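> below are the sequence and a predicted model for it; my questions follow.
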Amino acid sequence: MMQESPIASAPVDTKQGQLAQPGQQVRRSSPVTRIVLLGLLVCLGVGIWWIFHTRSRAARVAAAAASSAAANRTIPVLTAIVAQRDMPVLLEGLGSVTAFYTVTVKTQVDGRIDKVLFTEGQQVKKGDVLVQIDPRPFAIQLETAQAKWTQDAANEKNAKLNADRYKTLSQQNLIAVQQYTDQQAMVDQLDAQMRSDRAAIDAARLNLDYARITSPIDGVTGLRLVDPGNVVHATDTTGLVVVTELDPIAVVFTLPEDDLTPINEAMATGELEVAAMRRDSDKPTDAPVAVGKLKVIDNEINQQTATLKLKAVFDNPKHLLWPNQFVKARLRLATRKNALVVPAAVVQHGPTGTFAYVVKADSTVENRPVTLTAIQGDVAVIAGGLKEGEQVVVDGQGQLRPGAKVATRPVPVAGGGSSTPPAPAGPSSAHSPRAKP
């Protein structure tokens, strides 16, 4: 049998980390020490818990105080009064100005230009002479045709006299009847030749008239395309000058195809008014450049853009509208009578829909749902939820909650005055329900 090693069987002194001598006993921890250590750990945990509890309660107290202070704080806001007025139903589209008539003046005869009798940009009337082509070749043609007519007229006169003589002699059986009929045929031939001569005279006079090129319409001349001294031909593809009629003038604009039905219904009741606005016009107070009438709706819809073209005609005596100018066209369909209006900034959007903050008599605000009909420019038309004369918040809604106390100040209006919404002039917004008459 193997003998046990003395080293392996020797007890270890765990406190000193050394081998215990044979015959010595290992020392063990005292129960008192364990209790003391456990008590220290308990005290440490209680202390940590107390610190966190105290701080948390202090934070809650501070938050409650801040919340109470915020609730009692007076928030400054800008307000307006709900007004009632007649509101137009407007549709807006982009368009361009088109001349009512545009004529490229060309020559109808060949010849050399003697004179140009207009200045570029001149206002001309129908019939005013613009260009004079050398008339001498056409005057010679006229004289030649007139001379030929005179010659044939003399021959016809003589032929008629001979025909009368032959008729008498034929009746007396002194000449053959055929001789009389041949003479009568010659008279008819000369009569036809005279009619041809008269046509040649008229053609020569027409060419002589064509040599004086006149304006076919009232309008404004453009840039001169041909200078004096050049030889022009009736077959030339380029003209001499372009004359454009500016008064009246037209605007062609587009609208979504969904607007076709209300436009047709409105046109059935009478002419519709169209205002031409500048392209950068975005304020309700902006005045239109011109006001005209809707004349034509195109007979087909553009399938690629889902739009339809419309044409309005405007009086333009001061030439404020110019061909190919881009404008905004505002079509007035109808007028809403006694509509409730507020500034567009009053209407807020939330999870449950549109709402507005209404200031009550105790200077606190109420969150009230509203029904929006349309937004025209910076004016909102309200169908329900507000009453005329109520005070609503225009600016500062981000700090508000129901019941918050506010300090009101009317919305400043350019030039002074009350805070009622400005007169409408803008179109129905695409972000609001489509306006209906």
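All right, it came through fine. Since this is a predicted model, take the numbers as computed values, not measurements.

> what lines up beside the longest strand seen in the chain in the sheet?
Assignment by DSSP state E gives strand 83-105 as the longest strand of the chain. Counting by DSSP bridges, the strands paired with strand 83-105 are strand 241-256 (antiparallel), strand 326-343 (antiparallel).

> okay, those in a markdown table with distance to Leu294 and mean pLDDT next?
Glycine gets a C-beta too; all of them are placed from N, C-alpha and C. Listed next are those as a markdown table, based on distance: least, C-beta to C-beta, whole Å; pLDDT from 0 to 100:
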| stretch | distance to Leu294 | mean pLDDT |
| --- | --- | --- |
| strand 241-256 | 10 | 94 |
| strand 326-343 | 6 | 89 |
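
> distance to Ile217 and mean neighbour count added to those strands, as a markdown table?
Below are these laid out as a markdown table (distance: least, C-beta to C-beta, whole Å; neighbours: other C-beta atoms under 10 Å):
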| stretch | distance to Ile217 | mean neighbour count |
| --- | --- | --- |
| strand 241-256 | 5 | 20 |
| strand 326-343 | 23 | 20 |
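
> which one of those strands lies closest to Lys157?
Within these, the stretch nearest Lys157 is strand 241-256; the backing value is 48.6 Å (C-beta to C-beta).

> any idea which helix or strand comes after that closest one?
Moving toward the C-terminus from strand 241-256, the next helix or strand (DSSP states H and E) is helix 260-267.

> if I pick the spatially most central residue of the chain, what's in contact with it?
For the chain, the residue nearest the mean C-alpha position is Leu94 (2.2 Å; C-alpha atoms, centre = their mean). By C-beta atoms under 8 Å, 6 or more residues apart in numbering, the residues touching Leu94 are Phe253, Thr254, Arg279, Phe326, Val327, Lys328, Ala329.

> and the pLDDT at Val365?
Per-residue confidence at Val365 stands at 89 (pLDDT).

> assess the claim that it and Val358 are in contact.
Yes. With contact defined as C-beta atoms under 8 Å, Val365 and Val358 form a contacting pair (6.7 Å).

> doesn't Pro288 fall inside a strand?
No. The assignment for Pro288, made by DSSP: H, G, I helix; E, B strand; the rest coil, is coil rather than a strand.

> show me what contacts it?
Contacts of Pro288 (C-beta under 8 Å, 6+ apart): Ala275, Ala276, Met277, Arg330.

> mind running it again at 7 Å?
Ala275, Ala276, Met277 (C-beta atoms under 7 Å, 6 or more residues apart in numbering).

> and for Thr98?
Neighbouring residues of Thr98 by C-beta under 7 Å, 6+ apart: Ala250, Val251, Val252, Pro323.

> tell me the one of the residues you listed nearest Val109?
Checking the contacts of Thr98 against Val109 with C-beta to C-beta, the nearest one is Pro323 at 29.5 Å.

> assign that closest one to helix, strand or coil.
Pro323 ends up coil, using three-state DSSP.

> so it makes contact with Thr244?
Yes. The pair Pro323 / Thr244 is scored as a contact, 6.0 Å apart, by C-beta atoms under 7 Å.

> circling back to that earlier point, adding distance to Phe118, write the strands paired with strand 83-105 out as TSV.
Formatted as TSV, these follow (distance: least, C-beta to C-beta, whole Å):
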stretch	distance to Phe118
strand 241-256	7
strand 326-343	29
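
> low-confidence ranges, this protein, go.
1-29, 64-72, 283-285, 413-437 (pLDDT under 70).

> domains of it?
Using automatic domain parsing, the domains assigned to the chain come out as 74-88+336-410, 91-99+241-335, 104-232.

> turn the ones you listed into JSON lines, including distance to Val46.
Formatted as JSON lines, the domains of the chain follow (distance: least, C-beta to C-beta, whole Å):
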{"stretch": "domain 74-88+336-410", "distance to Val46": "41"}
{"stretch": "domain 91-99+241-335", "distance to Val46": "70"}
{"stretch": "domain 104-232", "distance to Val46": "99"}
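
> so which of these comes closest to Ala59?
domain 74-88+336-410 (22.2 Å).

> ok now that closest one, how far from the chain's centre?
Chain-centre distance of domain 74-88+336-410: 29 Å, with C-alpha atoms, centre = their mean, to the nearest Å.

> mind checking the end-to-end distance for that domain?
16 Å (C-alpha to C-alpha, to the nearest Å).

> for the contacts of Thr98, give me JSON lines that also has distance to Asn299.
Converted to JSON lines, the contacts of Thr98 look like this (distance: C-beta to C-beta, whole Å):
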{"residue": "Ala250", "distance to Asn299": "17"}
{"residue": "Val251", "distance to Asn299": "18"}
{"residue": "Val252", "distance to Asn299": "14"}
{"residue": "Pro323", "distance to Asn299": "23"}
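
> relative to Val124, which of the residues you listed is nearest.
Val124 has its nearest neighbour among the contacts of Thr98 in Pro323, at 16.0 Å by C-beta to C-beta.
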